[in-house]
Structures are given as C-alpha cells and as structure tokens.
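In: Sequence and predicted model, in that order:
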Amino acid sequence: MNIPLSWLKEYVDITVPVHTLAERLTLAGLEVETIDLIGLPGAELPWAPDKILVGEVLSINPHPNADRLVLVEVDYGGAEHEICVTGAPSLVARRTQENLHLKVAFAQEGARIYDGHAAGRQMVTLKQSKIRGVPSRAMVCSEKELGLSDEHEDIIYLPADAPVGTPLVDYMGDAILGFDVKGPFAHLHSVIGVAREAAALLDLPLRRDALETLDRHAVRLTATPPFAVLEIEAPDLCPRYSAAFIEGITVAPSPIRMQLRLRSAGVRPINNIVDVTNYVMLELGQPLHAFDYHWLHRRPGEDHPAIIVRRAKPGEQMRTLDGEMRTFDGEMLLITDGAGPVAVAGVMGGSESEVTEQTRDVLLEAANFNFLSVRRTSRLLGMMTEANLRFGRQVAPDLTIQAAARAAYLMAELGGGAVAPLMGDVYPGRRPQPVIQFDPAQTNRILGVDVPRQEVIRILSALEFEVTSQGEEGPLSVCVPSHRQDVTRPIDLVEEVGRIWGYDRFPATLALDELPPQRTNRRLEGSERVRDVLVGCGLDEVITYSLMSLDDERRLGLEVDPDRYISVRNPLSAERATLRQTLLPSLLHTTRENLRFADHVAIFEVGAVYIPVEGQLLPEEPQRLAIVITGPREARSWVSGQDRSLMGFYELKGIAEGLLKGLHLAGTFEPGQHPALHPGRSAQLRIGDAVIGVLGELHPRVRERFDLPAQPVCALELDLDLLLAAWGAPRTITSISPHPPVYEDLAVVVAEDVPAARIVDLINQTGGALVRSVVLFDIYRGEQVGAGRKSLAYRLIYQADDRTLTDKEVAKLREKIVRRLTREVDASLRG
C-alpha cells in the first residue's frame, strides 16, 4: 500500500523528516518498505527549483510550419513571458485561443527531465533548439517527463489556484511511503488509519474532516429511502448495507491531484465518479461501488429499483467489470436488483450497471461483508481487488455511512450533481462496542517499563479508544472503537501502549536472576538427528501437503473406509480433500515429478499423519518417516563410466541400516508383507519387541498406478515416534580395545528358506563378546551348492578387550560356531 506524505499531512501536521516518520511507524509495527521521493532533493529526478516552475498558459497560436504543433505563451513569474513549441493534443485542439489561464508544469532551458518519447526513463537536459523553424528553449511538461507516471500523451494540468512562478517542487514535491501491512488490520489499509498511528506516535492532533461529512450536511438515514428498495436476505454475510443517491452528475476526468494520488497508490484513474469511490476507499478504508442508477431494475409492482443482498443460486452467472463471465455457487454473496446479479459482494461490480460517460444518476453502495465470505469468493473466482483485500481483513461496520456521505458529496462537487438528503441504511448486524476493564499498572508489570498513567490514557485516546477513568488510581473502562476488531482483551491494550510508547525506549538490562535449567526437547532433537543422518546418506528432504485424495491410498492397494478419514469441508481441489494417514502417496507423486528433470531420486519426509480416535474431537497425529529411492546408484561421470546400475531393495536397506547406526540403535530386518510392496522384495524393521515399519520395492501394479517408470522404485515408512522412543533409551558406551582384531571369512551352505539374519544371530550368540562384527558380503546360488540351497559368505571380526587373541583361540571359536550352525540350521562349510 502506497500513501503520499502530502495526503497524510492533510490529517496530521507532520514536521519531522520523512525518514524519521518511516522509522517511527516501522518500530510501531507498521512497516515502511519503501520511500519514493517525487521531485524532492535526493529523488532520482529532483526538480530544480529555479528551472521547473508553475506556469500559466495565456494564449495559443498556430505553428507557421506544422499543423500538429502550436506556439503557447506562458507566464512563469519572470520579467517576460515565454513562447514555446508544443504538440500536446489538448493545446493543439485550442489553437488561436486567448485568455486561457491554464496552469501547467513549466520547464526552462537547463532543466533535467525525462525524455517523454523514449522507452523507459532516460534523463535529458533541456536545451534551446529550433522546432520546424521556430526557436524554443522551454516546454510544458507531461507526467512522464516529470517522473510522475508513464503518461506522456498530453501535458499535466495543475489546479487553477496553483501560484504562478512557484517552484514545482514546493507545490507538488512529495514522498510516497510504501507500507507492508501484515495481519488482519483493515484500519491500516487507509490514509486515515496511518494518520491515526502517526498522530499517536508524534503526539499530534488528528484532523477528522473526512469522517465528519455527516455533521456538515443535513443527511438523514432511513431503511426505506425514496430512491431504492434495500433488502438483506443474508444478514450473517452482510451485517450492514448503506446507499446514497446522487443525481444530475456529469462524468468527466477527475482533478489532477486526485489522479496523481490514485496512481501513486497503484490505482488507475478512470473518471470522476469511479475515481471518487477509489479515492475514498484509500482514504477511509471502506470499499465503495457506484451503479448507474438507470440500469438497475425494479421488481413488478414497485416504483424504485431493488437492491437485494443474497446468496447466489447455484450456477447463477454474471459478467463482471473485467469482462469475464463468472459462475457462482450457493455460498457466494451477490448484490442483485429486480432482474438478477449486479455485483459480486465485496469483490467486483457487474458490467451492465457500470458508470459510463452517459451516466447521469448514481446509486452509491457502501456495505459491510463477512470477511470469510469475501475471502472464499475471491479465491474461488480467482479475483484479487483492492476491495476484497480490505474486506478480507474485517472492515468496521461503522465506516459505511461515513464513507458513503464523504464520497457522495465529493461526487456532487466534482460532477455537478445533487445528493439526496435521505440515505439508505439497513443494519441488521448492529452490535454494541466492547468495553474492557483495564488496569494501567498491568502495562508496567508486563512490559517491565514505567509508563505513566496519563501517558497510557493519552496513547489509547490518540488511537480513538474511549477511556473513562474510575478515580485517580482505579482501573480504566476502555471502549474499543469499531475499527479495532482485533482488540478484545486487556493484553491487547498493553500491546497498543507498548508499541506507541516505543519498544526502542525499553532499557537494555541484563537479567538479574539465574537462568533456569533448560529442558531439552528430545522429540525435536531426535527428528533433527534423523534428518541429519539421512541427508548424510545422500537423501533430500521434501515437505508435501498434509491433504491428499482417498484414491491415492487406494492406488497403494490399501482398503479404504472413508468414515475412518478426516475430510475437509471446503477443499482447494479433489486431490486435497482428506488428511493423510500415510506419507507414501505424496512422496510417490513428488518422485514422478522429479523424474521429469533427473534420473536419480532419493528423497525423504518427516511429517504427521492423522488418525481419528472414536469419542475424541481431535485426531491423533503420530509422526512418520518415509523414504523413496529410484534410478542409478551414481550420477554419470568419468569415475562411474558406463555403470548405470539401478538402486534397489538392498540400497534402501543400507540407508535404513545407516539410520540405525547414526542413532546408535540395533534393529533386525524380517520378512514382511505390505499391499504396496513386492511380496518377494520387502521386509519389516524390528527394534526390540516392536515392529516400527516396512520397506521394500514397490509392487509393479502400484508403480504403474502412480505413473512411475518401469524400474525399481523402493519405499520405506517408519513410525518415527517408536524409533525415537528407542533412541531416547539409555545406551551403553564400549571403550575401544587396544588389542588387534582378527579377520576371518566364513562361507556356509544352507537351505534356501534360511534367512541370512538367522546366521548372524547364531554367530553372535555363539561367539559372545569376542565376535565384534558379522557382515554378509556374498550370496551364491548354483550347481556347486545344489538345488534348493544357497551359499552365504560372512566377514567376521574377532577381538578381546584384555588380550591379543591367538590363532588357537580363534580356531576353537570358529569350530564352535560351525558346530552350532550345523546343528540348528543344517549348515555346511562351503569347500
């Protein structure tokens, strides 16, 4: 949101430098992002006070050698008038006219301006030259040449009261403050709202002229105005609807000052009527809309047009001002007349009733709409306007009639019309303003600074809270103004006092008390440790939506009961309608998208799933860890050469083992089944007595359902809460033995159905503390071992803590291991 400093000064006598004002506002929570100087010293194009002045065109004469050029006589306050050549269309159209007294921006020889005909902004120095044979050393300027906008087709005209000879920088120089308003604060999306903040910060009075139009005119309010029938059929979505009637207006361009202010705020000027609605919206924060009165329809049997605020009928349509045909659902709010929709409430008007050059009578709408309804409608229709930006942040209902009166009399002033003395006002949602009992001492107790009682009262009063003091030391009764719907509790008042008092005024002091012992968050530490280990294994972390489609879980081969899932009432799309109970579908979709750009994908996610619990309002949210890998083991390089072998089950198992090792946990892999996994290439991971997850290669049918390529895609999903519970248990640290280890390979032949892990367990049990490591390094099936048998080769490491093992000890231990393997799994040594 951009606001000219000159506009703020109409409400507050700001004398501090603009950068000081910006700093004070920013420290108070209203962040000033940019300061754009216009014509002032320090601007990109400063207007030299002796070169660029307010001038007055006195007469226009034809150019002797060009039909599209004229000679204009300009009084700029000098000893003599200046004759300059121009091709401005509005002046060319007035050739041979005298006694014009048109106020313009006049640049003399030597002035630095922008080239009005060049692309972009190119600065030039004005020099004397001959234009079609006529000398000219000055010019009348367009907006682009002064850096006010990109408009260069015609010159800029100044108000009739602009003093001739005044440096233009003194008359029009300005600073545009760009604000970044965060949070639901509609009152800060207006000039009066920012001026109120500035007045409180600088301890200056706030002029309220724009809010007091009703007090200066004999305006009366009625729910049954003589110019229209007003009805609200959806009071829950429209608590107030006000309307004014202006007749006999003439649609024309708005004054230059209004146009410049609108442009500085990012709003395109259109005509005096539409510009007034935008001007007052920027000024007061209340969006308005003007209807061409004669395009509003009556209902049968009624004398005046009807304005009905109602929910849309499903499938109802209307063409909006942007030329698009819009289709509405039954929860969208519309403004309708006797024939049908004429506006989308809080978003945009309809094209049929828009104000044009032929408009003579105007019905002006100033309404208050439910902010959630406006947000939903604008989102579903894909429409973002200045109006819904404000309505979506809870505009105060009390603003409607103030804004309607302000805009109506501005329209009458600029368009030459008359305002009906009766204004329509239907207000079914009227509510009393809340009153908060507030103890000023609470401010000092919470903020830790001594803010005097009278200063607390001054700050709250400056922000337009009505403060009533109950005795010199008693609590304050604070009536919250309607524009501050965000203030509901005493702590909110403490915050208001603190930010206006100035957080920068808080003294920097050291804590006097000892810091309490810091409690660690083991769950957070554990999940971060998991992330670190997996990133170290070469995986990338992703974060996906918590919402998914039930069809995704059906693609996994799971049995889906919709009653056992939590669905969203108003989903963004059908693909984002249900809270997930597994992470795998989201990761598989992400894998598919990434495979469009790379052939190697190795990703993981740590996130919550949502399990409904019967009898409880909220679901359980256990944490899960999921991994998906696919593609070549290594990126193509001179080292890997032509080896582009694909990752498979054992690469995923290695990642799981690396995770266990990184967490100093011992786990076992057992045969396991999962509907989404290949039955012969899957396993379950057990830690202690608990099975914490499954891993394996994706079933070919599941892979096809997710449109993944015909190559191994491996996935893992673990219960992270169970994993971290095991990680949090105490563990024993073993010192490193100073004695050398003994390495030995052992190859045994066993039946095909004997798991490799079973052999590892038997070796560890038999060898006890002397066997430090058992690693499977080879599997062989073939004629040498016979049908139904396989050879498993292990690397064993023997080591003792108190001595160096002898060959005899190792041989004896090896023999003991072989006997047990023979006895329990019918193993034989491979010759």
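Out: Now that the structure is in, tell me what you want to look at.
In: Let me see the contact set for the residue nearest to V742 when sequence neighbours are not counted.
Out: Excluding its sequence neighbours, the residue lying closest to V742 (Cβ to Cβ, 6 or more residues apart in numbering) is Y798, at 4.3 Å. Using the backbone N, CA and C atoms, a C-beta is placed for each residue, glycine as well. Contacts for Y798 (Cβ atoms under 8 Å, 6 or more residues apart in numbering) come out as P741, V742, E744, G767, L770, V771, R772, L805, V810, L813.
In: ok, so what distance separates Y798 from P679?
Out: 38 Å (Cβ to Cβ, to the nearest Å).
In: And the contacts of Y798, which of them are buried?
Out: V742, G767, L770, V771, R772, L805, V810, L813 (16 or more other Cβ atoms under 10 Å).
In: Could you dump those residues into TSV and include pLDDT and secondary structure?
Out: Below are the buried ones among the contacts of Y798 laid out as TSV (pLDDT from 0 to 100; DSSP: H, G, I helix; E, B strand; the rest coil):
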residue	pLDDT	secondary structure
V742	94	strand
G767	91	helix
L770	93	helix
V771	92	strand
R772	91	strand
L805	92	coil
V810	93	helix
L813	94	helix
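In: Which of those sits closest to D67?
Out: R772 (102.5 Å; Cβ to Cβ).
In: Does that closest one touch V742 like I think?
Out: No: using Cβ atoms under 8 Å, R772 is not in contact with V742; the gap is 9.6 Å.
In: Pick the one among the contacts of Y798 closest to Y76.
Out: Using Cβ to Cβ, those come closest to Y76 at R772, 97.6 Å.
In: Please name the residues that touch the closest one.
Out: P741, I797, Y798, Q799.
In: tell me which of the contacts of Y798 is nearest to V104?
Out: R772 (94.2 Å).
In: N594: what's it in contact with?
Out: V601, I603.
In: pLDDT at it, what is it?
Out: Note on N594: pLDDT of 94.
In: Output the contacts of R772 as a markdown table; include the columns secondary structure, pLDDT and distance to A577.
Out: Shown next, in a markdown table, are these (DSSP: H, G, I helix; E, B strand; the rest coil; pLDDT from 0 to 100; distance: Cβ to Cβ, whole Å):
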| residue | secondary structure | pLDDT | distance to A577 |
| --- | --- | --- | --- |
| P741 | coil | 94 | 58 |
| I797 | strand | 95 | 54 |
| Y798 | strand | 94 | 59 |
| Q799 | coil | 93 | 58 |
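In: per the record, what domains does the protein have?
Out: The chain breaks down into these domains under automatic domain parsing: 2-40+175-207, 52-172, 214-426, 435-505, 522-727, 742-829.
In: what sits against the nearest residue to T327 once chain neighbours are set aside?
Out: Counting by Cβ to Cβ, 6+ apart, T327 lies nearest to Q317, which is 5.2 Å off, once chain neighbours are set aside. Q317 makes contacts with M325, R326, T327, F328, P341, as judged by Cβ under 8 Å, 6+ apart.
In: Would you mind checking those residues for buried ones?
Out: Among the contacts of Q317, the ones that count as buried (16+ other Cβ under 10 Å) are R326, F328, P341.
In: which helices and strands sit right next to the helix or strand hosting R390?
Out: Element membership for R390, per DSSP states H and E: helix 386-391. Applying 3 or more Cβ pairs under 8 Å, 6 or more residues apart in numbering; DSSP states H and E, one finds that helix 386-391 contacts helix 272-284, helix 371-381.
In: need those in CSV with mean pLDDT, can you?
Out: What follows is the helices and strands packed on helix 386-391, written out as CSV (pLDDT from 0 to 100):
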stretch, mean pLDDT
helix 272-284, 96
helix 371-381, 93
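In: Could you say which one of those comes nearest to P239?
Out: helix 371-381 (11.0 Å).
In: Could I get the buried residue list for the closest one?
Out: For helix 371-381, using 16+ other Cβ under 10 Å, the buried residues are F371, S373, V374, R376, T377, S378, L380, L381.
In: Stretch 654-670 now?
Out: Result for stretch 654-670 [16+ other Cβ under 10 Å]: buried residues I655, A656, L659, L660, G662, L663, L665, G667, T668, F669.
In: which residues touch it?
Out: For stretch 654-670, contacts defined as Cβ under 8 Å, 6+ apart pick out 526, 529-530, 532-534, 536-537, 539, 627, 629, 653, 683-687, 691-692, 695, 716, 723, 726-727, 731, 755, 757.
In: Run the angle between the host helix or strand of T400 and helix 272-284 for me.
Out: Secondary structure assignment for T400, by DSSP H and E: helix 399-415. Interaxial angle of helix 399-415 relative to helix 272-284 (axes from the mean of the first three to the mean of the last three Cα atoms, to 10 degrees): 140 degrees.
In: The closest residue in space to M348 that isn't next to it in sequence: how many residues sit nearby?
Out: Spatial nearest neighbour of M348, chain neighbours left out: T320 (4.7 Å); criterion: Cβ to Cβ, 6+ apart. By other Cβ atoms under 10 Å, 20 other residues sit near T320.
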